[in-house]
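S.K.: curious how this folds, go ahead:
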Amino acid sequence: MARRPGPTREGLPGDGLVVGHRVARGEDLVRWYAELLAPLGAVRTRAMFGGHGIYVDELFVAIVVGEMLYLKADAATAARFQAAGSEPFVVESRGRKTTMNFWRTPAQALESPAAMMPWGRLAMGAAARKVSGG
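M.R.: Presented below is the predicted three-dimensional model:
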């Protein structure tokens, strides 16, 4: 599969450029994120809460908010995201901040489906544990 322009540390969404290419926006960006996760299983997306949810094999594994991809994490996986320099998704409402169990995808994972695989597997594991109650 050919490498598509996706966000990198040198050009995060909103910067407008990634190594000389335009960054995908909106629905195109959601489609790119879905393609990155496609090797893990059947992917579907759903508009929700002003962003999008991404499901792999019916597991809710990611959200797209403001052009950023956040992957599902839990107590077993959050440290891996933190070690990669990621930050959790934080929602602010009525003056209260709530940290969600979704972490910003490491920049290198956005380069190709192969680079996304280990991170996507972590997200699928966290989503599966949530569904099973474990």
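
S.K.: mind jotting down where the helices sit in the protein?
M.R.: 26-37, 78-83, 113-132 (DSSP state H).

S.K.: sketch out the low-pLDDT regions of this structure for me.
M.R.: 1-25, 134 (pLDDT under 70).

S.K.: longest strand in it, please.
M.R.: Assignment by DSSP state E gives strand 96-104 as the longest strand of the chain.

S.K.: could you list every helix and strand that that one packs against?
M.R.: Contact here means 3 or more CB pairs under 8 Å, 6 or more residues apart in numbering; DSSP states H and E; on that basis strand 96-104 packs against strand 68-72, helix 78-83, strand 88-93. Backbone N, C-alpha and C define where each C-beta goes, glycine included.

S.K.: surely Glu67 and Leu29 touch.
M.R.: Yes: using CB atoms under 8 Å, Glu67 is in contact with Leu29, at 5.8 Å.
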